[in-house]
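J.: I would like the atomic coordinates for the input below:
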Amino acid sequence: MPNWNKPWWQHTYVITLFTLVLALTAWLTFNQWEAGVAVTALLLIWVFFYFRAKKKDDHYLDTYISTLSYRVNKASDVAITKLPVGIVLYNESGTIQWTNPFIQERFGTGLNGMDVTVIHKDLQQYIQDDTAEETIQFESGYYHFTFEQNERLIYVVDVTEKETTQKRYDHMLPLIAHIYLDNYDEVTQSMDDQIRSRLLAQVTTALNNWANDYDIYLRRTSSDRFLAVMNHKTLLLLEENRFELLDEIREITAKEKAPITLSIGVGTEEASLKQLGVLAQSSLDLALGRGGDQVAIKKKNGRVRFYGGKTNAVEKRTRVRARVISHALRDFVKESEKVIVMGHNRPDMDAIGASLGVLKLADLNDREGFIVLDEEDTNADVQRLLDEVKQQEHLWNQFVTPEEAVQIADKETLLVIVDTHKPSMVIEPKLLQMVDRIIVLDHHRRSEDFVHDPVLVYMEPYASSTAELVTELLEYQPMQFKMDRLEATALLAGITVDTKSFAVRTGARTFDAASFLRANGADTALVQKLLKEDLASYVRRSKLMENAYVYRDGYAIAMANDDEPYDQIIIAQAADTLLTMSGVRASFVICKRGDGRVGVSARSLGDINVQVIMERLGGGGHLSNAATQLEDAEREEVKDRLEQAIDDGFEGGSER
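T.: Numbering: from 1, shown residues only. Next comes the predicted model:
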């Protein structure tokens, strides 16, 4: 195809044709000059009109190109100044060099020569971080910033309508909540029918008023259960008010001398109503596992927010339940070839005592049992107990290292987890993947980090200790047996440690368990010997508390003066001692641990939920006894985070 943009003399076919015409004209002129003259005249006429047309076409093309170029330039100018897209040019130092009218209209005139932070305080940081794009909220709306780092150019688009529509959609998303009266049956079982009806009417009226105030669809499904359907905007309002319904129900029923507490499980961020219901039930189970009187809000990704939890767990444990669990545990033991018992890292006296109790249960049912223990990672009191165990060779042979436990475990092994329910805290996590049947025995409040798919769970957050739970399970074994003196003493020592010598978290069942152990040979003198504290530890604990101060209203905080590592036991003892001081409602001790992490031990008298505070720092525990350990953190940083967590507690809510 010919290229018409080239000069005519550069076209081969034109030159060839012109040459042939000249040759024909010359031949005609030579043979018949009249014809040659005529052809020559025609040729000249054709050349004249050809060049005339060519000149006209060239002029038209030049005019078209110049007009098109003008239009393109004009369109570019209009696009830059009229399109709803902002443009900001800046130099190497982040100074604005030019802005289009969109930017001037939205963010003000006279921006040239000023730093980009005049538009938004974070723009300079986004440029330094090589951010590609970011949506930023302003008082006037939402704007999407696109950063072209090579050209030092920023495009700005108003996305207020999009973000507003998205927020409106998010606010209208449906949520399902299960509401449960924690202790309704226990409180009302001995009441007169008239009083029970009046109490239930007061609770129902309060719930209906709450539902009407917040535009919630509420339906009662049983005497102590309700189903609520709401949208996400309502949930935000409830969180803003810290679920005041919990306090209202507690106060109303307290006037009848029958305080009833409420637990709520909420499922969010799930499009399927069926899955929302599953999330809501899972949240309710989590709230009840943590002791009730609280709200658990669970997202699709597993994240959970907690509100409430201000009261001690309501005791709902019955001896019937203990007997049923004991028989079920016996059946699982008999169905297994061997039993492995494992506690948490750096086990305390409660974990070791409970482990020995489960070991005794395996022995009663003629099954081989083992306790997983890393002897190099133990406390002084546990080491004293182990010294006693070593004197009984048959008992010491049942203690195995984590490596040995991995070698002897198989699919037919029963794994019993005691004094913890968190996979991240067990001595050997590999065992969780190697066995098919896992049983959890624990007295801590349940967290979302839980052993996957256990066959049996016995969690009682109102019990004093796991040793108490295991003692009750032993009581209900059907065969007659006699406990070894050391086994009974270890269980009693576990109860003694966790109750601070029967001073805290102690109920009638605690004394019953202690009485059973004492009747089976528990040596109280040996307990005191195991729990003795050496003088050096006492001095270190006193030094640890010398710089304690009171934060807010009764929150005592102590922090070590140097980076010298402290044993977790000393940290916990220091927190216990601080709690005995006048005016102290909760105590916190911050120290470096031997493993390099920063440990925080927290204690309270029960009116402050230190578990929620520790959960904000990645830990957990009980309402009145909790702790956490943080890696790659400095003590001052941890102290600031702790104070912030306490401040958040005054505003309500926690998220894990």
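J.: Model confidence for the closest residue to residue 300 other than its chain neighbours, exactly?
T.: Excluding the flanking residues, the one nearest residue 300 by C-beta to C-beta, 6 or more residues apart in numbering is residue 269, at 4.4 Å. Glycine gets a C-beta too; all of them are placed from N, C-alpha and C. Looking at residue 269, its pLDDT is 84.
J.: Three-state assignment for residue 269, please.
T.: coil (DSSP: H, G, I helix; E, B strand; the rest coil).
J.: Tell me how many other residues crowd it.
T.: 17 (other C-beta atoms under 10 Å).
J.: quick one: contacts for it?
T.: 173, 299-301 (C-beta atoms under 8 Å, 6 or more residues apart in numbering).
J.: what's the span of stretch 291-299, first residue to last?
T.: Using C-alpha to C-alpha, to the nearest Å, the end-to-end distance of stretch 291-299 comes out at 21 Å.
J.: where's it relative to the chain centroid, distance-wise?
T.: 14 Å (C-alpha atoms, centre = their mean, to the nearest Å).
J.: quick one: residue 549 and residue 587, what's the gap?
T.: From residue 549 over to residue 587 the distance is 11 Å, taken as C-beta to C-beta, to the nearest Å.
J.: same thing with residue 601?
T.: Distance, residue 601 to residue 587, by C-beta to C-beta: 8 Å.
J.: what is in contact with these two at once?
T.: residue 575.
J.: quick one on the thing from earlier: can you lay out the contacts of residue 269 as a markdown table showing neighbour count?
T.: As requested, the contacts of residue 269 are arranged in a markdown table below (neighbours: other C-beta atoms under 10 Å):
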| residue | neighbour count |
| --- | --- |
| 173 | 16 |
| 299 | 16 |
| 300 | 14 |
| 301 | 6 |
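J.: how about a markdown table for the residues you listed, with pLDDT and distance to residue 217 added?
T.: Output for the contacts of residue 269, formatted as a markdown table (pLDDT from 0 to 100; distance: C-beta to C-beta, whole Å):
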| residue | pLDDT | distance to residue 217 |
| --- | --- | --- |
| 173 | 90 | 15 |
| 299 | 82 | 21 |
| 300 | 78 | 22 |
| 301 | 72 | 26 |
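J.: Counting only helices, which of these make the cut?
T.: The members of these all map outside helices under DSSP state H.
J.: what's the closest of these to residue 642?
T.: residue 299 (25.6 Å; C-beta to C-beta).
J.: What residues does the closest one make contact with?
T.: So residue 299 contacts 268-269, 279 (C-beta under 8 Å, 6+ apart).
J.: can you map out the helices along the stretch 301-450 of the chain?
T.: Assigned by DSSP state H, counting those that start in this stretch, the helices in the stretch 301-450 of the chain fall at 319-334, 349-364, 380-390, 393-396, 402-408, 430-434.
J.: Can you tell me which of those has the worst average pLDDT?
T.: Among the helices of the stretch 301-450 of the chain, helix 319-334 scores lowest, at a mean of 84.
J.: who's in contact with that one?
T.: For helix 319-334, the surrounding residues in contact (C-beta under 8 Å, 6+ apart) are 339, 361-362, 365, 367, 414, 437, 439, 455-456, 458, 469, 472-478.
J.: And those residues, which of them are buried?
T.: Among the contacts of helix 319-334, those scoring as buried are 339, 361-362, 365, 367, 414, 437, 439, 456, 458, 469, 472-477 (criterion: 16 or more other C-beta atoms under 10 Å).
J.: Among those residues, name the ones in strands.
T.: Among these, the ones falling in strands (DSSP state E) are 339, 414, 437, 439, 456, 458.
J.: would you turn the residues you listed into TSV with pLDDT?
T.: Supplementary listing: these in TSV, determined by pLDDT from 0 to 100:
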residue	pLDDT
339	96
414	94
437	89
439	93
456	86
458	89
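J.: hmm, back to that, just the contacts of residue 299 now: which is nearest residue 215?
T.: residue 268 (16.9 Å).
J.: Verify the stated contact: residue 294 with residue 247.
T.: No. Using C-beta atoms under 8 Å, residue 294 makes no contact with residue 247, being 11.5 Å away.
J.: ok, these two, which is more surrounded?
T.: Counted by other C-beta under 10 Å, residue 294 and residue 247 do not tie: residue 294 has more neighbours, with 27 against 14.
J.: Could you export the contacts of residue 299 as TSV, including distance to residue 46?
T.: Output for the contacts of residue 299, formatted as TSV (distance: C-beta to C-beta, whole Å):
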residue	distance to residue 46
268	86
269	82
279	89
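J.: what's the closest of these to residue 83?
T.: Closest to residue 83, out of all of the contacts of residue 299 and judged by C-beta to C-beta, is residue 269, at 36.4 Å.
J.: what sits up against the helix or strand hosting residue 589?
T.: Element membership for residue 589 (DSSP states H and E) is strand 586-592. Strand 586-592 is contacted from outside by 544-545, 554-560, 563-566, 570-572, 574-576, 578-579, 581, 598-605, 608, 610, 613, 635, 638-639, 642, using C-beta under 8 Å, 6+ apart.
J.: burial measure for residue 503, as a count.
T.: 9.
J.: Tell me how far it lies from residue 605.
T.: Using C-beta to C-beta, we find residue 503 at a distance of 11 Å from residue 605.
J.: And residue 449, by the same measure?
T.: 27 Å.
J.: got it, and residue 485?
T.: Distance from residue 485 to residue 605, by C-beta to C-beta: 35 Å.
J.: Which segments of this structure make up each domain?
T.: With domains defined by automatic domain parsing, the chain comprises 8-80, 85-163, 173-308, 319-530, 541-655.
J.: Mind telling me which of those domains the model trusts least?
T.: Ranked by mean pLDDT, the domains of the chain bottom out at domain 8-80, with a mean of 66.
J.: Just grab the bridge partners of residue 138 for me.
T.: Beta bridges link residue 138 to residue 141 when assigned by DSSP bridges.
J.: Run a quick neighbour tally on it.
T.: 13.
J.: next one: residue 564
T.: 11.
J.: what number of residues lie near the residue lying closest to it once chain neighbours are set aside?
T.: The shortest distance from residue 564 to any non-neighbouring residue, by C-beta to C-beta, 6+ apart, is to residue 592 (6.9 Å). Counted with other C-beta under 10 Å, residues neighbouring residue 592 total 20.
J.: what's the answer for residue 150, then?
T.: 6.
J.: For it, what is the enclosing helix or strand?
T.: Residue 150 belongs to no helix or strand, assigned by DSSP H and E.
J.: Check residue 179 too.
T.: Going by DSSP H and E, residue 179 is in strand 174-181.
J.: buried set for stretch 111-126?
T.: 111, 116, 119-120, 123-124, 126.
J.: so how far does stretch 497-513 reach from one end to the other?
T.: Start and end residues of stretch 497-513 are separated by 14 Å (C-alpha to C-alpha).
J.: do stretch 448-465 as well
T.: Start-to-end, stretch 448-465 (C-alpha to C-alpha) is 21 Å.
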